[in-house]
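> this one's sequence-less:
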Ligand SMILES: Nc1ncnc2c1ncn2[C@@H]1O[C@H](COP(=O)(O)OP(=O)(O)OP(=O)(O)O)[C@@H](O)[C@H]1O
Ligand SMILES: [Mg+2]
């Protein structure tokens, strides 16, 4: 049975409308007959589905539409066309440090994030010590979030997202930010999560990592779906494509 189904999904961004440029600029441009809204399709007609336990890698060059697609999958953004169907609770780690309050402490932020993901206080009481231990931030628990280094912030974000045991876990380029030791540890955690039967989606610029972790791959290019399916074959094609671009 499919845990996640994405069908003919398209997402359009509107740029230059008056929310973007501000009211004053809008009035000026309107008076000069120079007011144009541009539309841009970040994702076009994406279709794929995942079963329980699948680990999907999403690959594609900068601006391909990967993060935008994840926003639609995790429900932060409505698709302009098409639809997403998901089963179970979903924990997404998108832009790092988004969803954290810079003035609250590490501990308060962990509880806040837990609450946002829909977990009870009791569950978070039981899980919090594991989170802080995994993130190796025991000494920083009562410090405000803004005092953490960016690597520490990403360790905290990864630990929360992965230790709350979601049915679907979404990670946008997060395995590459910590230092070497933490990267090893988080990859091992990812394998454990996959073995526990969760479905995982990983955006990564490391083809090597995708080859090692993922059983399915989705390749996007300028918003279009180039390929979906078996990992090694698609990664081979993608690496050839990257090679050509360099030459
Ligand atoms: N809020 C926005 N308004 C307008 N255009 C946007 C917005 N966010 C993203 N875009 C555009 O949509 C396209 C896809 O962006 P997206 O962030 O999904 O790419 P990506 O594949 O995640 O790239 P990267 O590998 O650099 O993270 C880009 O061309 C980007 O400029
Ligand atoms: Mg991105």
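Nice, thanks for sending it over. The shown structure was predicted, so the numbers you read here are calculated from the model rather than taken from an experiment. Ligands and ions are numbered 1, 2, ... in the order given.
> name the helices or strands packed onto the one helix or strand in the chain whose mean pLDDT sits lowest?
Ranked by mean pLDDT, DSSP states H and E, the weakest helix or strand in the chain is helix 18-21, scoring a mean of 72. Helix 18-21 sits against helix 23-31, with contacts defined as 3 or more Cβ pairs under 8 Å, 6 or more residues apart in numbering; DSSP states H and E. Every C-beta, even on glycine, is put in place using the N, C-alpha and C of the backbone.
> what about the helix it packs on, distance to the chain center?
36 Å (Cα atoms, centre = their mean, to the nearest Å).
> just checking, what packs against it?
helix 18-21.
> let's go with 7 Å and repeat that
For helix 23-31, not one helix or strand is in contact under the criterion 3 or more Cβ pairs under 7 Å, 6 or more residues apart in numbering; DSSP states H and E.
> in the helix or strand that comes right after it, what's buried?
Note on helix 23-31: by DSSP states H and E, the next helix or strand toward the C-terminus is strand 38-51. Residues 41-44, 46, 48, 50 are the ones in strand 38-51 that count as buried (16 or more other Cβ atoms under 10 Å).
> ok, which pair from those residues is furthest apart?
The largest distance within the buried residues of strand 38-51, taken as Cβ to Cβ, falls between 41 and 50 and amounts to 23.3 Å.
> is it true that residue 219 lies in a strand?
Yes - under DSSP: H, G, I helix; E, B strand; the rest coil, residue 219 sits within a strand.
> which residues touch it?
The contact partners of residue 219, by Cβ atoms under 7 Å, 6 or more residues apart in numbering, come to 59-60, 226-227, 234, 238.
> repeat that with 8 Å
Residues in contact with residue 219 (Cβ atoms under 8 Å, 6 or more residues apart in numbering) are 58-60, 225-228, 234, 237-238.
> buried ones among those residues?
58-60, 225-228, 234, 238.
> which of the residues you listed fall in strands?
Among the buried ones among the contacts of residue 219, DSSP state E puts 58-59, 225-228 in strands.
> just the closest of the residues you listed to residue 134, please.
Proximity of these to residue 134 (Cβ to Cβ) peaks at residue 58, which lies at 24.7 Å.
> go ahead and confirm the closest one touches residue 66.
Yes - the pair residue 58 / residue 66 is scored as a contact, 4.9 Å apart, by Cβ atoms under 8 Å.
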